[in-house]
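Colleague: Need coordinates for the below:
(chains A and B)
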Amino acid sequence: MKADAPPLADLLDAAAGGDEAAFKEIYGLSSAKLFGIVLRIVRRRAAAEEILQEVYLKIWDNAATYRPDKGSPMTWMIAIARNRALDWQRRDRVRGGDLPIDEAPGRETWSDPEPDPLDWAMARQDAQALHDCLERLEEEPRTCLVLAYCEGYTHEELSERLARPLGTVKSWIRRGQARLKDCLMG
Amino acid sequence: MKDELDDIEALAAEYVLGTLEADERRRAEDLMARDRHFSALVDDWNRRLAPLAEAIPPVAPPPEVWQRIESALRARAAPQPESLAPRPAAPQAARPSGGLAGLWQQAAFWRWCSLGTAAAAAALALYVAIGPLPGPLPGAEPRYAAMLSESGAAPAWLIGLDPAAGQLEVRPLTEIAADVSVEDRAFELWLIADAEEPPRSLGLLDPAAQTLVPLEPVFAADPAGAVLAVSLEPPGGSPTGLPTGPVVYQGAIFALDP
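Modeller: Next up is the predicted model:
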């Protein structure tokens, strides 16, 4: 762990002021994580690369809007990445049925940017809480939430994948999220 | 506890989750721009679900992506002095800390996130076969762990070592059994304690479920730093007592922070 690596929040602050070196550092620390997330939703390399570009330009343009009440800087950037990927998935992708992933998961290059120690500690605590709350859900509702979040499935796609009626899936999602919220606030 | 979220919160929650269609996404985005309360709801849901995203395996983007970003920035701003060569993200394993529980969670999320890649029915069946979410064995306190991976790939096996209980617990993290290239092969676990000594077999692993392996006396000393590896062998394991097939997964044993 680089002892002298500035935390992401400071780099974001500097980037907000126009510091391109800081922005490049942010890219170095976070791009693999964001690319993995985007790739998993859009499942096409070329589109994912284009989206990643747009995401970082958006991060650059909006760096000044980051506030700690939005979560950690990584959480904020992940939201930007997921939103752009989901927008593409819903609007821009040519609908043509289920597209195969270019490469099987786990075969990609594994590169782990060094996490900021505070982000890492906070992420683990939150992960523990979410993990425990997800565990309390029934298996199929939990699967719906996880597939939706990680893979970008729509209700229709979940209904097909799980071979369950659309109404059931929608209900699972709404109830599942209500229970998650309740559990996490306890 | 309310059984369901109200409509506005449900919109925020499903916007973050990703299940809304294009028109609903636009509606949510418009609302975010106009309504600070709604925007705060979206932020809340981002924070709640973000740990799932944290567990998705990173993938290094090609260097061209940064080059294009840099060009775009330059196109907007005043001309910059000569551009620096883009530096690819340096791959380095972040060492997990915080006990085996932390690793199990990350592994659990990571397994869930890879569910979508297989047929749903098969994936659910495998999930059931592996059992409830991973956690420490009752009474066991793993003091050491290892994450075994294929070179350049995400971890495929998570191993906890508990010298006090005299055993090793192995959990597959991916649907290894679903990979056709390993049909009719057995997964054999090897300990490479020392570069000078030949690998010692610790037995065969189940690619679809947890395997418990009794600890060798060699583990009585501090095992940190020794390497565990998995090779592909003929059914029944290596006939020679040494790996005969490719060593596909490996990782070093490390001590867990208490």
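Colleague: pLDDT value on the residue nearest to residue A:172 when sequence neighbours are not counted, please?
Modeller: Nearest residue to residue A:172, sequence neighbours excluded (Cβ to Cβ, 6 or more residues apart in numbering or on different chains): residue A:141, at 4.0 Å. (Each C-beta comes from the backbone N, C-alpha and C, glycine too.) We have a pLDDT of 93 for residue A:141.
Colleague: now swap in residue B:156 and tell me
Modeller: In this model, residue B:156 is scored at 80, pLDDT.
Colleague: Repeat that for residue A:4.
Modeller: 55.
Colleague: Using PDB, write out every CA atom in the top helix by length along chain A.
Modeller: Criterion DSSP state H: the longest helix present in chain A is helix A:20-42. What follows is helix A:20-42 as a C-alpha-only set of coordinates in PDB (Å, rounded to 0.1, in the frame of the first residue of the first chain):
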ATOM      1  CA  GLU A  20      -5.100  17.200 -14.500                       C
ATOM      2  CA  ALA A  21      -2.400  15.300 -12.800                       C
ATOM      3  CA  ALA A  22      -4.700  14.600  -9.900                       C
ATOM      4  CA  PHE A  23      -7.400  13.500 -12.400                       C
ATOM      5  CA  LYS A  24      -4.900  11.100 -14.000                       C
ATOM      6  CA  GLU A  25      -4.100   9.700 -10.600                       C
ATOM      7  CA  ILE A  26      -7.900   9.200 -10.000                       C
ATOM      8  CA  TYR A  27      -8.100   7.300 -13.300                       C
ATOM      9  CA  GLY A  28      -5.100   5.200 -12.300                       C
ATOM     10  CA  LEU A  29      -6.700   4.300  -9.000                       C
ATOM     11  CA  SER A  30     -10.300   3.700 -10.100                       C
ATOM     12  CA  SER A  31     -10.500   2.900 -13.900                       C
ATOM     13  CA  ALA A  32     -10.100  -0.900 -13.500                       C
ATOM     14  CA  LYS A  33     -12.900  -1.000 -11.000                       C
ATOM     15  CA  LEU A  34     -15.200   1.100 -13.100                       C
ATOM     16  CA  PHE A  35     -14.400  -0.700 -16.300                       C
ATOM     17  CA  GLY A  36     -15.200  -4.000 -14.700                       C
ATOM     18  CA  ILE A  37     -18.500  -2.700 -13.500                       C
ATOM     19  CA  VAL A  38     -19.400  -1.200 -16.900                       C
ATOM     20  CA  LEU A  39     -18.300  -4.300 -18.800                       C
ATOM     21  CA  ARG A  40     -20.400  -6.500 -16.700                       C
ATOM     22  CA  ILE A  41     -23.500  -4.500 -17.500                       C
ATOM     23  CA  VAL A  42     -23.000  -3.800 -21.200                       C
END
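Colleague: other SSEs contacting it?
Modeller: Counting contacts by 3 or more Cβ pairs under 8 Å, 6 or more residues apart in numbering or on different chains; DSSP states H and E, helix A:20-42 packs against helix A:8-16, helix A:45-62, helix A:73-87, helix A:139-151, helix B:63-76.
Colleague: now with 7 Å?
Modeller: helix A:8-16, helix A:45-62, helix A:73-87, helix A:139-151 (3 or more Cβ pairs under 7 Å, 6 or more residues apart in numbering or on different chains; DSSP states H and E).
Colleague: The next helix or strand after the last one vs chain B: in contact?
Modeller: Towards the C-terminus, the helix or strand next in line after helix A:139-151, according to DSSP states H and E, is helix A:155-162. Yes: using Cβ under 7 Å from any Cβ of the partner chain, helix A:155-162 comes into contact with chain B via A:155, A:161-162.
Colleague: Test my guess that residue A:169 contacts residue A:155.
Modeller: Yes: counting by Cβ atoms under 7 Å, residue A:155 is a contact partner of residue A:169 at 5.4 Å.
Colleague: Counting neighbours, go ahead and name the busier of the two.
Modeller: Set residue A:169 next to residue A:155 and count neighbours by other Cβ atoms under 10 Å in any protein chain shown: residue A:169 wins out with 25 against 19.
Colleague: and residue B:164, how many neighbours?
Modeller: Counted with other Cβ under 10 Å, residues neighbouring residue B:164 total 12.
Colleague: Please name the nearest non-neighbouring residue to the residue positioned nearest the centre of chain A.
Modeller: Closest residue to the average C-alpha location of chain A: residue A:78 at 4.5 Å, with Cα atoms, centre = their mean. Spatial nearest neighbour of residue A:78, excluding adjacent residues (Cβ to Cβ, 6+ apart): residue B:53 at 4.7 Å.
Colleague: In which helix or strand does that neighbour reside?
Modeller: helix B:36-54.
Colleague: which of the residues in that helix are buried?
Modeller: B:38, B:41-54 (16 or more other Cβ atoms under 10 Å in any protein chain shown).
Colleague: ditto for stretch A:37-55
Modeller: In stretch A:37-55, the ones that count as buried by 16+ other Cβ under 10 Å are A:37-45, A:47-55.
Colleague: Okay, helices next: where are they in chain B?
Modeller: B:7-17, B:22-34, B:36-54, B:63-76, B:99-113, B:120-130.
Colleague: For residue B:9, list the residues it contacts.
Modeller: Neighbouring residues of residue B:9 by Cβ atoms under 7 Å, 6 or more residues apart in numbering or on different chains: residue B:41.
Colleague: Any regions of chain A where pLDDT drops low?
Modeller: Applying pLDDT under 70 to chain A flags the ranges A:1-5, A:93-124, A:186.
Colleague: follow-up on the earlier one: just put the residues of helix A:155-162 next to chain B in JSON lines and tack on distance to residue B:162.
Modeller: Listed next are these as JSON lines, based on distance: Cβ to Cβ, whole Å:
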{"residue": "A:155", "distance to residue B:162": "44"}
{"residue": "A:161", "distance to residue B:162": "38"}
{"residue": "A:162", "distance to residue B:162": "37"}
